[in-house]
Structures are given as C-alpha cells and as structure tokens.
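**Q** Structural data only, the sequence is not supplied:
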C-alpha cells in the first residue's frame, strides 16, 4: 500500500479547478466586451445621394439629399479602451468654430454631450452597446414642444459596422415626431 501525503492528494483536483475557473473567467470577459471592432480613423462619405428635384414654385431645380448618418463628412472616430469619440465639422472655416465632438462610453453607461449649434445649448443623452458585429448608439435629442403639447425627445439610433475592410456603414433610424413614421438612412464611408 502506498502512502499519499494529504498536501499532495488534492493537487490534481486543485489544478483542474483552477483551469476550469480560469476558462470560465476568460469566456465571461470575452462575452462582456463584445466583438473587437476598431472604428478608429478618418472617414469620408462615398455614397453621395444628392439628386436634382423640381422646386414646388416652378421648374427651378436644386440639390436635395437625406440627413445621412447625421455626422457629416469627413468624420474622425477615435476608439480607445471603453470610449469612442466622434468628431466632425459643422461650421465653415469662416465661422472659426472647432469641430463638434461627441464622446460615448462603450459599456452601456449613459453618456451626455452638450452642443451649442444655435442660440441655445442642447444636451444629448446616449447609450452605446455592441449588438452582433455592430456598435449601436442610441441618442435622445430634446425636441421643442408643439403648440399645446409638452416637450419630448426624438430618438436616433445609429448602427456602425464594417461592411468590408476600410468601409464603414452607418444605418441611422430617426423616430418620427408628431405621429410621423420613422426614417432610416444608410450611409457608407471609406477610410482615408
């Protein structure tokens, strides 16, 4: 009969337990971070949708398009750790204004961005989360009250995904206001 010391008897069990717990922790951490998708870079819109239409007051044609992603072109995205920063120019060089900068937490925590684009500041409330292979940013914009109604929010949902290497697709859905239908646009950008 062989004698096994108590300290050595549980060693294989402890190793197996340690390996199992390590694998479970790694799997859990990978599931929480979502897909590794680096959206960093400067992006230029490649699917210009401007098209001539006829004005209602006559046959004078003018350019008409859609609201696109809502972020303009070009736009710069910086992604570091658990934060995404989107920067784009709204004003002309003559206005001497810096580009707008929006910062989003990538862990589902609400982010607040305050913008001054007109005569008053607007505070946007956003959440960002990974869904499949896309980053979905849901933003609530304050909307002015209609006559006799109270102010409300307009919800804009932007889904960012890579369609091909160097090609960013932003699908934007804007909630309808005052009973209007939701509007969805799909905008394609190429990395500069």
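**A** All right, it came through fine. It should be emphasised that the depicted structure is a prediction, and the values quoted were computed from it without experimental measurement.

**Q** From residue 73, how far off is residue 88?
**A** 8 Å (C-beta to C-beta, to the nearest Å). Using the backbone N, CA and C atoms, a C-beta is placed for each residue, glycine as well.

**Q** Using the three-state scheme, assign the residue most central in space within the chain.
**A** By C-alpha atoms, centre = their mean, the chain has its centre lying nearest to residue 137, at 3.7 Å. Following DSSP: H, G, I helix; E, B strand; the rest coil, residue 137 is assigned to strand.

**Q** Checking my notes, residue 123 in a helix, right?
**A** No - counting by three-state DSSP, residue 123 is not part of a helix but strand.

**Q** quick revisit: show the pLDDT at the residue nearest to the centre of the chain.
**A** With respect to pLDDT, residue 137 has a value of 98.

**Q** Over to residue 147. Which of the three states is it?
**A** Taking three-state DSSP, the label given to residue 147 is coil.

**Q** Quick check, the residue nearest to the centre of the chain in contact with residue 124.
**A** No - assessed by C-beta atoms under 8 Å, residue 137 is found out of contact with residue 124, at 10.3 Å.

**Q** And the helices in the chain, which stretches?
**A** 6-9, 11-33 (DSSP state H).

**Q** Now the weakest link among those helices, please, by mean pLDDT.
**A** Among these, helix 11-33 scores lowest, at a mean of 50.

**Q** most residues in a single strand of the chain, which one?
**A** strand 152-164 (DSSP state E).

**Q** If you rank every helix and strand of this protein by mean pLDDT, what lands last?
**A** strand 51-54 (a mean of 45; mean pLDDT, DSSP states H and E).

**Q** So what's the residue count around residue 135?
**A** Neighbour count for residue 135, taken as other C-beta atoms under 10 Å: 22.

**Q** can you pull the contacts of residue 90?
**A** Residue 90 makes contact with 72, 97, 99-100, 117 under the criterion C-beta atoms under 8 Å, 6 or more residues apart in numbering.

**Q** most surrounded residue in those residues?
**A** residue 100 (18 neighbours).

**Q** That residue reaches residue 75, doesn't it?
**A** No - using C-beta under 8 Å as the test, residue 100 is too far from residue 75 to be in contact (9.6 Å).

**Q** So for these two, which residues contact both of them?
**A** Shared contacts of residue 100 and residue 75, defined by C-beta under 8 Å, 6+ apart, are found at 87-88.

**Q** Identify the residues contacting the residue nearest to the centre of the chain.
**A** Residue 137 neighbours (C-beta under 8 Å, 6+ apart): 104, 126-128, 157-160.

**Q** switch the cut-off to 7 Å
**A** Each residue near residue 137 by C-beta atoms under 7 Å, 6 or more residues apart in numbering is listed here: 104, 126, 128, 158.
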